[in-house]
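> what's the 3D shape of this:
(chains A, B, C and D)
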Amino acid sequence: MQAIAQLEDFRQETRAWLEANCPASMRTPMVDAEVVWGGRKATFVNPESKIWLERMAEKGWTTPTWPTEYGGGGLSKEESIILSQEMARINARPPLNSFGISMLGPVLLESGTHEQKMEHIPKIVRGEIRWCQGYSEPGSGSDLASLNTKAVLDGDEYVINGSKVWTSYADKADWIFCLVRTDSEVPKHAGISFILFDMDTPGVTTKPIQLISGMSPFCETFFDNARAKASNLVGGLNNGWAIAKRLLQHERTMISGFGLAGSQGDRGGTTSTMDSVERAAMHYRGDTDKISDPGLRDEIAQFKIDSAAFALTSQRSLEESKQGQGPNATSSMLKNYGCELNKRRYELLLSSLGSQALGWEGEGFANDEIAVTREWLRSKANSIEGGTSEVQLNVIAKRVLGLPDMLSLVQK
Amino acid sequence: MQAIAQLEDFRQETRAWLEANCPASMRTPMVDAEVVWGGRKATFVNPESKIWLERMAEKGWTTPTWPTEYGGGGLSKEESIILSQEMARINARPPLNSFGISMLGPVLLESGTHEQKMEHIPKIVRGEIRWCQGYSEPGSGSDLASLNTKAVLDGDEYVINGSKVWTSYADKADWIFCLVRTDSEVPKHAGISFILFDMDTPGVTTKPIQLISGMSPFCETFFDNARAKASNLVGGLNNGWAIAKRLLQHERTMISGFGLAGSQGDRGGTTSTMDSVERAAMHYRGDTDKISDPGLRDEIAQFKIDSAAFALTSQRSLEESKQGQGPNATSSMLKNYGCELNKRRYELLLSSLGSQALGWEGEGFANDEIAVTREWLRSKANSIEGGTSEVQLNVIAKRVLGLPDMLSLVQK
Amino acid sequence: MSLVLSEDQQLLKDSAKAFVDQNAPVSVLRGLRDSKDDKGYDQNLWRQMLELGWAGMAIPEAYGGFEFGYGGLGVVLEESGRTLVSSPLIATVLLGASAINELGSEEQKSELLPQVVSGELLLALAIDEKPHHRPNRIETSAVKADEGYVLNGCKTFVLDGHVANKLIVVARTSGAIDDEEGISLFLVDADADGVSINRSWMVDSRNSAMLSLNDVKVGSDSLLGAEGNAYQGLTRVLDIGRIGVAAEMLGSMQQAFDITLDYLKQREQFGVLIGSFQGLQHRAAEMYSEIELCKSAVRAALFALDDTEKTDAQVAELASIAKAKLSEVATLVSNEAVQMHGGIGMTDEYDIGFYMKRARVASAFLGDALFHRDRYASLNGF
Amino acid sequence: MSLVLSEDQQLLKDSAKAFVDQNAPVSVLRGLRDSKDDKGYDQNLWRQMLELGWAGMAIPEAYGGFEFGYGGLGVVLEESGRTLVSSPLIATVLLGASAINELGSEEQKSELLPQVVSGELLLALAIDEKPHHRPNRIETSAVKADEGYVLNGCKTFVLDGHVANKLIVVARTSGAIDDEEGISLFLVDADADGVSINRSWMVDSRNSAMLSLNDVKVGSDSLLGAEGNAYQGLTRVLDIGRIGVAAEMLGSMQQAFDITLDYLKQREQFGVLIGSFQGLQHRAAEMYSEIELCKSAVRAALFALDDTEKTDAQVAELASIAKAKLSEVATLVSNEAVQMHGGIGMTDEYDIGFYMKRARVASAFLGDALFHRDRYASLNGF
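Numbers count the residues shown, from 1 in each chain, chains lettered A, B, ... in the order given. Next comes the predicted model:
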């Protein structure tokens, strides 16, 4: 714990620096078009966002707690909290969105060699290289470890063949962190390695995936004799599964955050009628005092009650984990229930909006109506991505309730 | 096919005989107390029911199509249909209720020796011996073949040890047809035999089972060195599973009949308010034109719609099986859905009756209210007896939908 | 009443299935969507359907039809539902022709029904005005003028509204907004002065339009049925529509289920076929059961339409049973189908998403499950 | 507001659990039932509970209580729910004492509450008149007479009505049958002239009675709260009751679930533990999730009762959330518990059936899930 006086000094300095360096437009709420992802093909719709990134990166404050040796801010935990507080005070935007920061960086710092860190971390800090994640494959689904993309050593390079799917923003990324099979003779978890390579490598191609809800950031990514330097293999040969699991923990935390937000009635801060299912139902039925369809009214009441009880459960889970009351067994439960609630919300919104929720585009439908339709379709993935609901229920049954695993009997 | 004239003669004779021999009180609707089960301890609350049984048994018409050699009626299929029609014409009661007739008799005729038939069939026909069924055991449940009751040969007798459960009317029966394990060294289905013995045998005791709904016809039955003649083993040593399966077909047909009736709104011919969930809901809420609880109204409407669609499906299934359109794959589905519908009916009745459905006995509750409460509790067994709903869903998944069986992988 | 298909119906069903499988896979709908086709249906395919006599299936022989009944039209709709065929079958044949047949004068029937059979005439029924189906709530007005009526109002969710030659417009000639009395039907030429039609691009890629009527003048001969007294006939037409749409939904849900079942038998995870997981097996078994109930409900309702001994009230009850049940189960089956497919089910490239979209639009069309449960309860006095 | 038990509450919970496990297994309730016990609760057990201070848990120190709040009473109810304890906790402590505490005059509180703490006084709240809970629909009349009031009417589902010394009767002093205005509460001696009490033998073997009042004369000092103006206070008392009953239901459902989970881990079928079947696993996981939500809803509602910053409206909303959710999940869990036990679950010999019976009675008491969903919607203006 740092001395309080020292921290207070830090606060004052930080406040002054932010005051002097955060451009005016960077103190307004973020808009989608101005999010900065960095990378070789970085675009800055708002030129001040470039200035803001450069200034923050120079101090290492895009990654405040990372070591200064690799370009990070070198702040203590306490200092980084103060930095967040001071940024929040002036509504400063985050300078950089990056899978390099949220996913790759932490495992690289843990498991990378000094050379690997020196090569990659500073570019992540400065937003010079944009990363994407090569995990899922067309055949793998919930059973990630069954992946088939092969990497075969040839001199000091691996030759990579296969394909990945659900690689977010692969078409915009510069480098990929990728799980590959380096040994097919051993049990599936034991033959996987974690490797990094440039997306401009010959033999790498990407293709955006259109979802049932329309365009998406997801891509398919194909490797046709793509060559990666063996020195870019992280954590040792055939040790990729351990790295992957660490990294998945970061990803799951992110996604269950989405689920939570969605279930608490927060549709991302918009304030249209659609934010409240019951208001939408009354509006689209022309009701004034109560929802005139009694069956719908009962279903919405049940949904609202479940949502309220769920929000209380999220709160309780947080409080209990803070107090260290037992292991936090509830995360799979919260993920699953939150996703199901979000799906129910959209089913009820569709029932509430009637034919106005059945448009795809064009005249006759308001933007927020089309948004509901698209989000309804998109919500169907909530119980698939980041672990399907079936997998979550399995986890609850086995790890929380201690029920026996039949599959392990089959696999013996 | 018999000549029409010949059948017409038979009809006239039958009509005349019934007219002359069926006592007046036997032409009134059956009441529970007067059902005749026969047996050594037979009771005849109504003396005319004894006369009626004796007259019918003498003609073999308690079992119209069984061979005259063993005391049966020896009627052709066509003649037996005419007999039913003529009995129905004058509302004649069935003279005898008997597991001997509905279950044991058919397999004994198929698989018994001449001596076995001579010994047992005539007494079944005349209602002299009342039978019970010894199948389930406390440990066996859905996995009937795992039964543990042992029979060990000692001279010309088997010595039987173990216990049975869910033996209906074991405390009132004279003889039992019973599955026993005669070989423990072979796979479980291959070491079972089907044997008959007297319930008065020393070492046989019974204990009625009280259900959550109150008294029941079910018993536990215990065998403590009970001895059965080896000559009463039916179908050959260790061949009992084949016999059991044939017999279960009869039992399942009976139970799915109950399920069907229950789901079609027939609560056994009573005509109280309770026969219709929606009338009950209105009555107990004091409503006149519509059910004032809108959520309940919607649930009841959904239940009624499902019931209607289910009744149509039962009809369609019957018609299709008559026309031989494909195998009758629907029986497990009908059993399961019918039982679930019946359970839903009682849940809705409970919601409809409010606190009047929460009584157990005594003042303050009408008989038909208490009946609803008891039947609600009893209905919970619908999805357990005659194959649990889980087993039915497994059967649908594997036999109808052709999905693979994980358990067979485990058991390999 | 039997619930088994007659031999003729079974033959028709088999040949419809063969035709659809060969000529109208889901890729046809996908192509229409991707090319933003003007009409939104494949004209060549429709011409072949006309040749097969599908447009005249339920039309009496007296008016050029084949008098095969709604039982016949139903199996055609069921099979075309299997591959989500987009065609004038619902708007023109099921709804439009039935409206003329049920409510029209001898002259109207003789003139118009043969044109439906031949394919010259495309129709559309314009009834809904708000996002929810409430057939008695009609604001569109028809005011008597010298030689006819003047129509004003707006309509929404008009299936095939943008390709129809004639619109069948439900309007109010008297009474308050919720009255059943005072409702009249009019045949309005799509190119009449004051008619403006805007195509709606729907989520299921089927064709729908919004319609506005500004001082549209029609002659008194355009009245379909009695002035102010068409509600009962309209109700029967709507019930025919609900039952036919339910038949189409039956085909779609069966196909979505079959596709899913195939997937469960092919897809491996953790070293086993996912179809061997009991959790999925039980859900599949429950879907199977619900689909069997749907099939019976659709058959009974279709056959009731052809049974002259059934009253309108009996048809109404069966229509609401079928539409309530099918709407509920279509949602269940299509949602489960996507979930069981996992990630691939979320991609536009794979067909299963089309089934989910269609299920939801069809569920809302002519009354969703909540509407029909409420109607069923009212019809049964509770 | 925190949703975690305080250290004191946790200690209380642990000691309550230990006491109940040791002294009040389900066999106590079974014994009371089988012997048709006059009182329907175990007096020796009740005496021990009094010694532990359970009757004074939520009563202010000023009136002899321990001021441990509803959070404290809640954990006691939860633990006693685990073994289906039948005691005066609900009728006397939760409902009766709260009514006096919320509505009573200083004199009434000073006189009566210490008697509750010591166990001298047993109370019962008589509100329902029809099979369904509708707290504003009161027909029982209280007519002003010379020195007090004359009461006439019938009450049903009066928990502990047959053992109470004093009845708290909800009656109407003015207004129409559904009016909230005009409702008054009276303290009526159980042995007063004109009071007749008939015990109801309920399916869950807990104690309830029917009550009839024939020209029962009471003094004006028996009025609890203001004449004609008690509805708001009554509503808070009912909400306290709903929340406390929800806490008890929470304990029962947790226990039923635990028993079932144990069974899944012990029972073999087809050579494997039945708990290894994914179909049952997923259902168990869903029950677990629902129970977690129930726990949070109960905690939040209990703590809100002790939080002076919470308005009655906020308490009302939390009470309806808790009672709606608990009633729904109690039904789910207890039905599943019996089903998963198979045949043995249907036998009276095995305890699980007691949990199903209690779940259903508790669900109906003070408003079932449908009642509270409707109320929640009204409270939230939709």
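> so where do the strands sit in the stretch 51-200 of chain A?
Listed in chain order, the strands found in the stretch 51-200 of chain A under DSSP state E, counting those that start in this stretch are A:131-134, A:150-154, A:157-168, A:175-181, A:192-198.
> how about CSV for those, with mean neighbour count, distance to C:Asn152 and mean pLDDT added?
Where you see a C-beta, it was placed from the backbone N, CA and C, and this is true even at glycine. Formatted as CSV, the strands of the stretch 51-200 of chain A follow (neighbours: other CB atoms under 10 Å in any protein chain shown; distance: least, CB to CB, whole Å; pLDDT from 0 to 100):
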stretch, mean neighbour count, distance to C:Asn152, mean pLDDT
strand A:131-134, 26, 57, 96
strand A:150-154, 16, 70, 97
strand A:157-168, 21, 52, 96
strand A:175-181, 25, 61, 97
strand A:192-198, 24, 66, 98
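> Retrieve the pLDDT associated with the closest residue to chain A within the stretch 101-250 of chain C.
Residue of the stretch 101-250 of chain C nearest chain A, by CB to the nearest CB: C:Pro131 (3.2 Å). Note on C:Pro131: pLDDT of 97.
> looking at this, it is in a strand?
No. C:Pro131 is assigned coil when assessed by DSSP: H, G, I helix; E, B strand; the rest coil, not a strand.
> which residues does the nearest residue to it once chain neighbours are set aside contact?
Distance criterion CB to CB, 6 or more residues apart in numbering or on different chains; nearest residue to C:Pro131, sequence neighbours excluded, is A:Gly354 at 3.2 Å. A:Gly354 makes contact with A:284-285, C:130-133, C:364 under the criterion CB atoms under 8 Å, 6 or more residues apart in numbering or on different chains.
> And the strands of the stretch 51-200 of chain A: which comes nearest chain D?
Closest to chain D of the strands of the stretch 51-200 of chain A is strand A:157-168 (CB to the nearest CB; 24.7 Å).
> Would you map the strands across the stretch 201-350 of chain C?
Ranges of strands in the stretch 201-350 of chain C, per DSSP E, counting those that start in this stretch, are C:207-219, C:223-224, C:268-269, C:272-273.
> most packed of those?
Of all the strands of the stretch 201-350 of chain C, strand C:223-224 carries the top mean neighbour count, a mean of 24, counting by mean count of other CB atoms under 10 Å in any protein chain shown.
> What is the distance between it and the centre of its chain?
Here the centre of strand C:223-224 is set off from its chain's centre by 22 Å, with CA atoms, centre = their mean, to the nearest Å.
> What separation do you get for the residue lying closest to A:Ala57 once chain neighbours are set aside and D:Gln115?
Once flanking residues are discounted, A:Ala57 sits nearest to A:Arg126: 4.3 Å by CB to CB, 6+ apart. The spacing between A:Arg126 and D:Gln115, counted by CB to CB, to the nearest Å, is 76 Å.
> ok, the residue nearest to A:Ala57 - contacts?
Contact partners of A:Arg126, counting by CB under 8 Å, 6+ apart, are A:38, A:57, A:62, A:71.
> Then A:Leu349?
Under the criterion of CB under 8 Å, 6+ apart, the neighbours of A:Leu349 are A:274, A:277, A:280, A:357, A:372, A:376.
> out of the residues you listed, which are buried?
Applying 16 or more other CB atoms under 10 Å in any protein chain shown to those, the neighbour count classes A:274, A:277, A:280, A:357, A:372, A:376 as buried.
> any idea which of those is closest to C:Ser220?
A:Ala357 (39.0 Å; CB to CB).
> Next up, phi/psi of A:Asp90, please.
If you look again at residue A:90, you'll see it is Ile, not Asp. Per-residue torsions, A:Ile90: phi -100, psi 20 (degrees, to the nearest 10).
> what separates it from chain C, distance-wise?
In this view, A:Ile90 and chain C are 39 Å apart by CB to the nearest CB, to the nearest Å.
> Would you mind confirming that that residue makes contact with A:Pro23?
No. If you go by CB atoms under 8 Å, A:Ile90 and A:Pro23 don't touch, sitting 11.1 Å apart.
> Which of those two has more residues huddled nearby?
Neighbour comparison, A:Ile90 and A:Pro23: the larger count goes to A:Pro23, with 16 against 12 (by other CB atoms under 10 Å in any protein chain shown).
> Export the strands of the stretch 51-200 of chain A to a markdown table and append columns for distance to chain B.
Output for the strands of the stretch 51-200 of chain A, formatted as a markdown table (distance: least, CB to the nearest CB, whole Å):
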| stretch | distance to chain B |
| --- | --- |
| strand A:131-134 | 32 |
| strand A:150-154 | 29 |
| strand A:157-168 | 26 |
| strand A:175-181 | 25 |
| strand A:192-198 | 26 |
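> Can you lay out those as JSON lines showing distance to C:Gly31?
Output for the strands of the stretch 51-200 of chain A, formatted as JSON lines (distance: least, CB to CB, whole Å):
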{"stretch": "strand A:131-134", "distance to C:Gly31": "32"}
{"stretch": "strand A:150-154", "distance to C:Gly31": "37"}
{"stretch": "strand A:157-168", "distance to C:Gly31": "25"}
{"stretch": "strand A:175-181", "distance to C:Gly31": "34"}
{"stretch": "strand A:192-198", "distance to C:Gly31": "38"}
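> Show me the domain layout of chain C.
Listed by automatic domain parsing, the domain ranges of chain C are C:7-121, C:125-224, C:231-379.
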